[in-house]
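In: the following block contains a protein sequence and its predicted model.
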Amino acid sequence: IMRVNSFAVGVLIAAVAAASGLCRAFGPSRPFARRPTAPVHFSAFPTTAAAPLAAQRVSLSSSSSGNDAAAPQIAVKASDLEADLSDEERTVIGVFRQCGPSVAYVTSVSKSGGSATSTGRRRRGRTPLERRRGRKGTEDGQEGEKERKDDGVLPNGVSLGSGSGFVVSDDGYIVTNYHVVQRAYQLTEGVKQVNKEIDDLVTNTTDYLFGPLSNNSFVESLANRTKTNLRFDEGANNEPRASVYVRINSSTKYRECRLVDVRPEIDLAVLKVVSLTNLTTTDGGEKFEPIPYGSSSSLLVGQRLIAIGNPFGLDQTVTSGVVSALNREMQGVGGNTIRGCIQTDAAINPGNSGGPLLDSKGRLVGVNTAIITTSGSNAGIGFAVPSDKVKSATDEIIAKDRMVTNPQRSAPGWLGADIANPDLSLALVKRIKKEKKGSEGIGLFVSKVAEGSPAQKAGLQALTLTEKGNVVVGDRIVALGGKDISSRNDLEEDMKSRVEGEQVTLTLEDKDGERRVVYITLERK
């Protein structure tokens, strides 16, 4: 009887477990904590962005109680899911799969009193053990903070704002809007700048009042005490007053970033991902997938655009629209006017700032920056800083930072010649065809030569504008290293690999169609 009863109890327990598993598999799921009240729909057939489209498979497995090997699986081809989609829908999906892993959620945190563990605010996601570890004292608190950084958990502190960003280099440089990290920048670099001005003021005042007595030890001691009393606290425990963190590709782990530099005049900030192991910048080993640059000067009104970002904290949100207008002017956070901005009707909301605006081939054409709205959310009028301006400033910032962080690294080679934009080049090519001078449609028109640059020393002639508004053609670069060159991107990509002191060979063609070869030694900018 006992054996039969044990068997019956076992059957009953198995039935209850099976019913519970079915409820978990097919019943309504419990909503996530702190999600919006509006329903959020998740894709039933997620695909892997890194895998080729034809090779992707989606597996659906039912929940089982400790018997995963027996769980039924259904394989579905991604191509079958897209069979009924339009070409436009496939384009958006393809761009998201290609560029989505490179988009980041950016946030910044102020550390109260300079310490990341001094605040009493409870941070979501920390266990009671972690909270006790951070309160056991200064030494244990610092160790706990390092462990939290290694674990990718956002530290305690006051939120200073959040937005979007995207990877621009495989060694971890990230671009975002300046206004996304503005408060963090002002709390760190801004305080350092103020302290430097205080030091300069005290030093100059001491020299002015005491003159030769400034070499006196008493005067120097007095000046140092004055500086100490006037300077602002830059942070305790050798840590900045504020830090910036990112989550890349919808990761649940935060990565600390170093704020490399900013360009408020175009609302641009460049970040550098910090290593999780030793809290130093990543110089090798770890690789990121950058978003390629496109040409914002080649955009046309009506062209399809795609935006990826984190509106209201909802990461990996994709919207699409068109180029509504070009060459718009927008007031930047630096108080200046940003010209040449892109207007789009792709939905851009708070949190999209700093995210990429992409063309249908997944190339960056702008950085989402601002909207015009009366309600605080999208009204169909958004603005993006053109990628041509972003690329120029970003490349300069990254090149300087690499030189500082790695002094043994050779400086990038500088030519000192700018190339005409595609619209102007097309008009000049048509004129050359009409006049039948030189090689038709070949080469890059030199639009500007920097003063004292290697290009000027080699005699490169740029375009000139007459008093009547006519453009006089200068030199065209028709070959680099003996190979024909037809696009500005080809020249820029080649120059990225060049270093200071390296010699390049350019084949030039003047306005009369005469060719010459020049040898230019690149210099440090």
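Out: Received it, and whenever you're ready, just let me know what you need. Residues are numbered from 1 along each chain as shown.
In: could you check the pLDDT of the residue nearest the centre of the chain?
Out: Centre of the chain computed as the mean C-alpha position; nearest residue by C-alpha atoms, centre = their mean is Val175, 2.5 Å away. The pLDDT attached to Val175 in the predicted structure is 95.
In: give the bridge partners for the nearest residue to Gly481 once chain neighbours are set aside, please.
Out: Using C-beta to C-beta, 6 or more residues apart in numbering and skipping residues adjacent in sequence, the residue nearest Gly481 is Thr505, 5.4 Å away. C-beta coordinates here come from the backbone N, C-alpha and C atoms, glycine included. Thr505 forms beta bridges with Tyr519, as assigned by DSSP bridges.
In: count the neighbours of Thr505 for me.
Out: Counted with other C-beta atoms under 10 Å, residues neighbouring Thr505 total 13.
In: now swap in the one 5 residues further on and tell me
Out: As a burial measure, the neighbour count of Asp510 was computed by other C-beta under 10 Å and equals 15.
In: contact partners for Leu491?
Out: Under the criterion of C-beta atoms under 8 Å, 6 or more residues apart in numbering, the neighbours of Leu491 are Ile419, Leu444, Ile477, Leu480, Ile485.
In: dump the residue contacts of the second one.
Out: To tie it back to what came earlier, the one meant is Leu444. The contact partners of Leu444, taken as C-beta under 8 Å, 6+ apart, are Ile419, Ala420, Ser425, Arg476, Ile477, Val478, Ile485, Ser486, Ser487, Arg488, Leu491.
In: what about burial for the residues you listed, which qualify?
Out: Burial by neighbour count, 16 or more other C-beta atoms under 10 Å: within those this picks out Ile419, Ala420, Ser425, Arg476, Ile477, Val478, Ile485, Arg488, Leu491.
In: need the residues you listed in TSV (columns: secondary structure and distance to Ala393).
Out: Shown next, in TSV, are the buried ones among the contacts of Leu444 (DSSP: H, G, I helix; E, B strand; the rest coil; distance: C-beta to C-beta, whole Å):
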residue	secondary structure	distance to Ala393
Ile419	strand	17
Ala420	coil	20
Ser425	helix	23
Arg476	strand	27
Ile477	strand	23
Val478	strand	29
Ile485	coil	24
Arg488	helix	17
Leu491	helix	18
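In: once you drop chain neighbours, what's closest to Lys448?
Out: Taking C-beta to C-beta, 6+ apart as the measure, Lys448 lies nearest to Asp418, with 4.0 Å between them; neighbours along the chain are not counted.
In: tell me the secondary structure of the one you found, please.
Out: Under DSSP: H, G, I helix; E, B strand; the rest coil, Asp418 falls in the strand class.
In: touching, it and Ser453? I think so.
Out: No. Asp418 lies out of contact with Ser453 (C-beta atoms under 8 Å); the separation is 10.1 Å.
In: how about the strands of the stretch 401-525 of the chain, start to end?
Out: 417-419, 444-449, 464-465, 471-472, 476-480, 483-484, 503-509, 515-521 (DSSP state E, counting those that start in this stretch).
In: from the chain's centroid, how far away is the first one?
Out: Per C-alpha atoms, centre = their mean, to the nearest Å, the displacement of strand 417-419 from the mean C-alpha position of its chain is 25 Å.
In: what residues are up against Gly443?
Out: Applying C-beta under 8 Å, 6+ apart, we find Gly443 in contact with Arg476, Ile477, Val478, Ala479, Ile485, Ser486, Glu509.
In: and what of Arg498?
Out: Residues touching Arg498, when contacts are defined by C-beta under 8 Å, 6+ apart, comprise Pro412, Gly413, Val504, Leu522.
In: one more pass at 10 Å, please.
Out: For Arg498, the contacting residues are Ser410, Pro412, Gly413, Trp414, Leu415, Val504, Leu522, by C-beta atoms under 10 Å, 6 or more residues apart in numbering.
In: for the residues you listed, which one is nearest Ser297?
Out: Nearest to Ser297 among the contacts of Arg498: Leu415, at 19.7 Å, using C-beta to C-beta.
In: hmm, that closest one is touching Glu523, no?
Out: Yes. Using C-beta atoms under 10 Å, Leu415 and Glu523 qualify as a contacting pair, with a distance of 8.8 Å.
In: give me the common contacts of the two.
Out: Contact criterion C-beta under 10 Å, 6+ apart; residues bridging Leu415 and Glu523 by contacting each: Ser453, Pro454.
In: which of the two has more neighbours?
Out: Under the neighbour definition other C-beta under 10 Å, Leu415 and Glu523 were set side by side, and Leu415 has more, 22 against 17.
In: for that one, give its distance to Val333.
Out: Here the criterion is C-beta to C-beta, to the nearest Å. By it, Leu415 lies 32 Å from Val333.
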